[in-house]
Structure formats: structure tokens, C-alpha cells
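Novice: Predicted model and sequence follow; I will ask about them next.
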Amino acid sequence: MTITRRDLLLASGAAVGAAMLLGEASAHEYEIGKLVVEHPWLRAPKEGETKAYFYAFIHNLGATPDRLIGVKSEKFGKVEIHPDARGDQPAQGILVPPAQTTTLAPGGAYVLLLDIKKHLEVGWGLEMTLTFEKAGDVVIDAAIEAPDAAHAHDAEAAARWEKAQGKQDTAGPAAGGQDHHDHDHHDHDHKASPQN
């Protein structure tokens, strides 16, 4: 069997592509102790608003509970932690039970980021520090999604946002490279409610 240069280039291109996908997947997970923060993202503020909503999956691989008690960034002034969508009053934290996954998602638990000080560009990321009661601090990069996104990597919401903003350039980070990754592989119940 003869291997041509074209075959070699195609094979090496596929390997590089697979490595890039693997790197992209691992960039969406952050470990601290026995906790793993997966796919952190936030809804950008709506036009004229100064608040955003933060969501993620938090896996507790340990045998003891922990609690998300704080979120910090220079881009916003303060936070409110809401362990469920029904509570109007913020709580002291969101419980992360042992050997379970806590889901922060529209229609469920969330963190409200208030007094946004700088523009949050859809398609980019926001560096934030999450503080856990026992595990401590972990620095993450949360994907900034459209104000009406139902989940991370919501390509339809990004397209609506781009159209509303009059953005025709598809070369930016929010452009077509996003996929419809709705986390079904985690067997979580995701409620898509645009209120949170």
C-alpha cells in the first residue's frame, strides 16, 4: 500500500482537528478539589440592563457536600445567589450534594450578576472566580451567550442576537462555529425559561 502526501496531510489534519476539539472540550471544565465546574456560561444583559445570569453544571465527585457561596469579577458590582427559580430572595449559597451534579440553568438555580460595569460581548468569555465553602476559589472563563439563550452554545439565540445587532460579519467568535450542544448526555432536566 502506498501512502501519498495528500493522504498523509489529510490524516495529520484530522489528528490536529481532533486534538483541537479535545482541547476545546477540556477548556469548558474547571476542577477544584472534588468539584468540577462544567460549561460555565452567562446570558448577556438585555439592551439597557445592567444584569446578567450565570449558569453551569457543578459535579461533586466527593463524599461530602459543598456550597457555591460567591462569584467575583471586575466586570460586575455584586451578585445574588438563587438556589431555585421560585425564590425572590437571594440565599447564602447553592448546595452541591456529594456524588451528584447541581445544575444552574434557566428555570432553575442561577447566580444573578448585578451592576455590570463593562460591555459583555456575546460570543466572548468572562473571567470570573467562583467561591465554594469548602473547596475554595476557582477561576473560570464563562461563555457569554445571547440575552435569550436557553443553554450554552445556543446557536439560534446567537443568530437572533447578531441579526438584531445588524452584525453581518460571520468571522467573529459568536459566529457559526457554535454547535447545538444541549447537554442531553448528562441526563439533566433543562427547563428553558427566558425569565432567568
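Specialist: Ah, there it is.

Novice: Glu162 belongs to a helix?
Specialist: Yes. Per DSSP: H, G, I helix; E, B strand; the rest coil, Glu162 lies within a helix segment.

Novice: partner strands of the helix or strand hosting Leu114, parallel or antiparallel?
Specialist: Using DSSP states H and E, Leu114 sits within strand 110-116. According to DSSP bridges, strand 110-116 forms sheet pairs with strand 52-60 (antiparallel), strand 76-82 (antiparallel).

Novice: The longest one: which residues count as buried?
Specialist: Just to be clear, that refers to strand 52-60. Ala52, Tyr53, Phe54, Tyr55, Ala56, Phe57, Ile58, His59, Asn60 (16 or more other C-beta atoms under 10 Å). C-beta coordinates here come from the backbone N, C-alpha and C atoms, glycine included.

Novice: gap between the second one and Val138?
Specialist: By that I understand Tyr53. Tyr53 sits 19 Å away from Val138, going by C-beta to C-beta, to the nearest Å.

Novice: got it, and the third one?
Specialist: Counting by C-beta to C-beta, the gap between Phe54 and Val138 amounts to 14 Å.

Novice: outside of stretch 67-75, which residues touch it?
Specialist: 54, 58, 79, 81, 92-96, 102, 111, 113, 116-118, 120, 126-134 (C-beta atoms under 8 Å, 6 or more residues apart in numbering).

Novice: Next one, pLDDT for Thr101 please.
Specialist: In this model, Thr101 is scored at 97, pLDDT.

Novice: How about it: which residues does it bridge to?
Specialist: His59.

Novice: What separation is there between it and Ile58?
Specialist: 7 Å.

Novice: cool, and Thr129?
Specialist: 14 Å.

Novice: Could you do Pro147 as well?
Specialist: From Pro147 to Ile58 the distance is 23 Å (C-beta to C-beta).

Novice: quick one: low-confidence parts of the protein?
Specialist: The chain contains residues with pLDDT under 70 at 1-27, 87, 167-196.

Novice: Please repeat the previous calculation with a cut-off of 90.
Specialist: 1-28, 46-48, 84-92, 117-121, 150-196 (pLDDT under 90).

Novice: show me where it has helices.
Specialist: Under the criterion DSSP state H, the chain contains helices at 5-26, 155-165.

Novice: Show me what the closest residue to Val138 other than its chain neighbours bridges to in the sheet.
Specialist: Leaving aside its chain neighbours, Val138 sits nearest to Ile32 (3.9 Å; criterion: C-beta to C-beta, 6 or more residues apart in numbering). Per DSSP bridges, the residues bridged to Ile32 are Leu35.

Novice: Run a quick neighbour tally on Gly125.
Specialist: Applying other C-beta atoms under 10 Å, we find 17 residues neighbouring Gly125.
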